[in-house]
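Trainee: What follows is a predicted structure for the sequence shown.
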Amino acid sequence: MAELKKYLEIGSSPHITDGASVDVIMRNVFLALLPVTVFAIYAFGIGAALVLATATISCILTEHLLCKATGAPSTVGDWSVAITGLLYGLTLPPGLPLWMVAVGGVFGVGIGKFLFGGLGSNAFNPALVGRAFLQAAFPQAMTHWQYPFLENRFEQVPTSVLAMPFAEPAYDAATAATPLARMKFEALFAETPELMAGLTTGSVGETCGVLILLGGLYLVVRNFMNWRIPVSIFMAVAVMTWIFQQIDPATYPGPLFMLFSGGLMLGAVFMATDMVASPITNPGCWLYGVLIGVLVVVIRFWGGMPEGVMYAILLANAVSPHIDNLIQPRVYGTGRGVQ
Amino acid sequence: MAIKPVTPTDEFVKGLWRDNPVFVQVLGMCPALAVSNTAINALAMGLATTFVLVMAGLSVSLLRHFIPREARIVSYICIIATFVTCVDYAIMAISIELHRALGAFIALIVVNCLILGRSEAFASKHHPGRAILDALGMGAGFTGALFFIGIVREILGSGTLFGVGLFPDGFQAWTIMVLPSGGFLAMAVWLLLVNWLKKREAEAAGRAEEVAS
């Protein structure tokens, strides 16, 4: 038995914890992301590795320097900003110039997280704030997709990745079409084996849905993630897509295509589940997930852009405090059944 | 500490930094965000507003004993609208492109709360000389603030300054900076900087007072 403490310690609840601290959770998220990251580098080569490294380093440095500038102790050691950086890198196109990657990282952590008050106070997922800024600032570069599994991907860095800061990037090859772009602009949405196996093009870490699900499953088993959020997103997308496919199968793709294309898997499993920016209660999480799912389908089917996961999650992040207000847990001893 | 009497210079200087209309009072946000996408547009809007500020300030100050309290807002608006119409035609005569770029925002100077605010809070209570100095200071502060926002947005958004290219080849324009959201971003960054400097200024003043006492 542990030695008795000399003084009586008084603290606020919770008094019983399972020992999970921020860095323990974040290290587990890192483990869950590892297969996705390895596959991304295997599929897109050195370019993707450089993008991921730059994304992570720019986010960590931003947080460290801002902490130092404000005289606060550096919070880099809790791994959360490293995870933000890695996630942010996974959402970017593999051929994105490194200077743009750094700009988005500084913006995401600096404005999306630090100005809101740091970890625990960010209203929006910082990784997606950085990506949204890049999408608005550099729309051409953010929709230029490199082909996966190029022959020389481990020997040659794509020209665009090493573009000079502030210069327009030059590309080695014409842009490849993501499955969602083919759906939007060419009405092609076959549920091909390539799509299921993650052999299509897309953002660095979004292509292989199976590995993302595997990582998510690990986090759910370790109880570090609320499974209701991804499940409700998948269900909302599947049900809504299925209904529209029944109405007009020539225009609308099926549920499997929608689930495995674009950033839906990555967004639903790793982005929407941001512990700070998602609702607290379980019913709230269901509502939040359904909202994201419906928004994704609406943007993909009728919006101007092929992909809508990022905006759907950011919008739902904005709504999440209101969901918490709407769905208040019953205070013990009040409400139903109390005379 | 004795309160220093307000000198005419103070009336002018306060608009530049201490009571800057955009960065401190956060007035006149509509033109500050909407037409600050290039340095030229920002300067033109700033100068037009300054002209209206000065003329409206002078008129309101001269008429301050004749305007009934109950109808003062209406009277101010009429005075301001007169000078805005002058500015509108003047800009049209000088440069039709500029007039097109500024668009409806010239007419909207009428409802710029900075001008109405200065008329109500200052010009209607002071004699014409002070009112003009105050209006000039506020106008200069407004123009300067718009210009700083405009510089950032023009350099990042189009890679030019006053329409002259700054980067020899292949500049990657930051589309977001010419969009309205870029106005909010540039504005926010300047506000951050100004507030940080003001905080340091206040801290330094606090320390100096401690030493003195």
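Mentor: It's in.
Trainee: From residue A:330, how far out is the spatially most central residue of chain A?
Mentor: Nearest to the mean C-alpha position of chain A, by CA atoms, centre = their mean, lies residue A:271 at 3.1 Å. Distance from residue A:271 to residue A:330, counting by CB to CB, to the nearest Å: 30 Å. Just so you know, the C-beta spots here come from the backbone N, C-alpha and C atoms, and that holds for glycine as well.
Trainee: for residue A:150, same thing?
Mentor: 57 Å.
Trainee: Looking at these two, which one has more neighbours?
Mentor: Shown here are residue A:150 and residue A:330; by other CB atoms under 10 Å in any protein chain shown, residue A:150 has more neighbours (18 against 10).
Trainee: that's a strand at the more buried one, yeah?
Mentor: No - counting by DSSP: H, G, I helix; E, B strand; the rest coil, residue A:150 is not found in a strand; it is coil.
Trainee: Distance check, the nearest residue to it once chain neighbours are set aside against residue A:157.
Mentor: Excluding its sequence neighbours, the residue lying closest to residue A:150 (CB to CB, 6 or more residues apart in numbering or on different chains) is residue A:45, at 6.7 Å. Distance, residue A:45 to residue A:157, using CB to CB: 8 Å.
Trainee: Between the two, tell me which one has more neighbours.
Mentor: The residue with more neighbours, out of residue A:45 and residue A:157, is residue A:45; 23 against 18, by other CB under 10 Å.
Trainee: In the longest helix seen in chain B, which residues are buried?
Mentor: The longest helix of chain B (DSSP state H) is helix B:180-212. By neighbour count on 16 or more other CB atoms under 10 Å in any protein chain shown, the buried set for helix B:180-212 is B:182, B:183, B:185, B:186, B:187, B:190, B:194.
Trainee: if you look at it, does any of it touch chain A?
Mentor: Yes - counting by CB under 8 Å from any CB of the partner chain, chain A is contacted by helix B:180-212 at residue B:181.
Trainee: Which stretches in chain B count as helices?
Mentor: B:8-13, B:29-34, B:39-62, B:72-94, B:96-102, B:104-107, B:113-121, B:128-158, B:175-178, B:180-212.
Trainee: If I take the last one and helix B:128-158, what angle do their directions form?
Mentor: It refers to helix B:180-212. Following axes from the mean of the first three to the mean of the last three CA atoms, to 10 degrees, one obtains 130 degrees for the angle between helix B:180-212 and helix B:128-158.
Trainee: Likewise for the fourth one?
Mentor: Between the axis of helix B:72-94 and that of helix B:128-158 there is an angle of 50 degrees, by the same axes, to 10 degrees.
Trainee: CA atoms of helix B:72-94 as CSV?
Mentor: The C-alpha trace of helix B:72-94 is given here as CSV (Å, rounded to 0.1, in the frame of the first residue of the first chain):
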residue,chain,number,x,y,z
ARG,B,72,-30.0,66.7,-34.6
ILE,B,73,-29.4,63.2,-36.2
VAL,B,74,-31.6,64.1,-39.2
SER,B,75,-29.7,67.4,-39.6
TYR,B,76,-26.3,65.7,-39.3
ILE,B,77,-27.3,63.1,-41.9
CYS,B,78,-28.5,65.9,-44.3
ILE,B,79,-25.2,67.8,-43.9
ILE,B,80,-23.1,64.6,-44.3
ALA,B,81,-25.1,63.5,-47.4
THR,B,82,-24.5,66.9,-49.1
PHE,B,83,-20.8,66.5,-48.8
VAL,B,84,-20.9,62.8,-49.8
THR,B,85,-22.7,63.8,-53.0
CYS,B,86,-19.9,66.3,-53.7
VAL,B,87,-17.2,63.6,-53.2
ASP,B,88,-19.2,61.1,-55.3
TYR,B,89,-19.2,63.5,-58.3
ALA,B,90,-15.6,64.5,-57.7
ILE,B,91,-14.3,60.9,-57.7
MET,B,92,-16.4,60.2,-60.8
ALA,B,93,-14.8,63.2,-62.5
ILE,B,94,-11.2,62.3,-61.5
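Trainee: What's the mean pLDDT across that helix?
Mentor: Helix B:72-94 shows a mean pLDDT of 94.
Trainee: List the buried residues in it.
Mentor: Per 16+ other CB under 10 Å, helix B:72-94 contains these buried residues: B:72, B:75, B:76, B:77, B:79, B:80, B:81, B:83, B:84, B:87, B:88, B:91.
Trainee: Enumerate every residue touching residue 187.
Mentor: This is for chain A. Under the criterion of CB atoms under 8 Å, 6 or more residues apart in numbering or on different chains, the neighbours of residue A:187 are A:250, A:251.
Trainee: my bad, the chain I had in mind was chain B
Mentor: Taking CB under 8 Å, 6+ apart as the test, what residue B:187 contacts is B:22, B:29, B:32, B:33, B:149.
Trainee: tell me the pLDDT at the fourth one?
Mentor: Residue-level confidence at residue B:33 comes out at 89, pLDDT.
Trainee: Quick check: pLDDT value at the nearest residue to it once chain neighbours are set aside.
Mentor: The shortest distance from residue B:33 to any non-neighbouring residue, by CB to CB, 6+ apart, is to residue B:183 (3.8 Å). Note on residue B:183: pLDDT of 92.
Trainee: does residue B:183 really touch residue B:38, like I thought?
Mentor: No - using CB atoms under 8 Å, residue B:183 makes no contact with residue B:38, being 11.6 Å away.
Trainee: Identify the contacts common to the two.
Mentor: Counting by CB under 8 Å, 6+ apart, the shared contacts of residue B:183 and residue B:38 are residue B:153.
Trainee: The residue positioned nearest the centre of chain B: what's its closest spatial neighbour, skipping adjacent residues?
Mentor: The centroid of chain B falls nearest to residue B:142 when counting by CA atoms, centre = their mean (1.9 Å). Nearest non-adjacent residue to residue B:142, counting by CB to CB, 6+ apart: residue B:21, 4.7 Å away.
Trainee: Residue B:163 now?
Mentor: residue B:40 (6.7 Å).
Trainee: Low-confidence regions, chain B specifically.
Mentor: For chain B, applying pLDDT under 70 flags the ranges B:1-5.
Trainee: Return the residues of it in contact with chain A.
Mentor: For chain B, the contact set with chain A under CB under 8 Å from any CB comprises B:159, B:167, B:169, B:170, B:171, B:172, B:174, B:175, B:176, B:177, B:179, B:181.
Trainee: residues contacting residue A:182?
Mentor: By CB under 8 Å, 6+ apart, residue A:182 lies in contact with A:188, A:189.
Trainee: how close does it get to chain B?
Mentor: 25 Å (CB to the nearest CB, to the nearest Å).
Trainee: Repeat that for residue A:213.
Mentor: Applying CB to the nearest CB, the value for residue A:213 to chain B is 34 Å.
Trainee: and what of residue A:186?
Mentor: Relative to chain B, and taking CB to the nearest CB, residue A:186 is found at 26 Å.
Trainee: now residue A:288
Mentor: To chain B, residue A:288 is 25 Å away according to CB to the nearest CB.
Trainee: Phi, psi for residue A:94 please.
Mentor: Main-chain torsions, residue A:94, degrees, to the nearest 10: phi -60, psi -20.
Trainee: And for it, the neighbour number?
Mentor: Residue A:94: 32 surrounding residues under other CB under 10 Å.
Trainee: got it, and residue B:119?
Mentor: As a burial measure, residue B:119 scores 27 neighbours (other CB under 10 Å).
Trainee: The one 10 residues further on too?
Mentor: Residue crowding around residue B:129 was assessed by other CB under 10 Å; the count is 12.
Trainee: wait, it sits on residue B:8?
Mentor: Yes - in this structure residue B:129 lies within contact range of residue B:8 using CB under 8 Å: 7.2 Å.
Trainee: follow-up on the earlier one: would you agree the residue nearest to residue A:150 is in contact with residue A:161?
Mentor: No - Residue A:45 lies out of contact with residue A:161 (CB under 8 Å); the separation is 10.1 Å.
Trainee: what touches both of those two?
Mentor: Joint contacts of residue A:45 and residue A:161 (CB under 8 Å, 6+ apart) do not exist.
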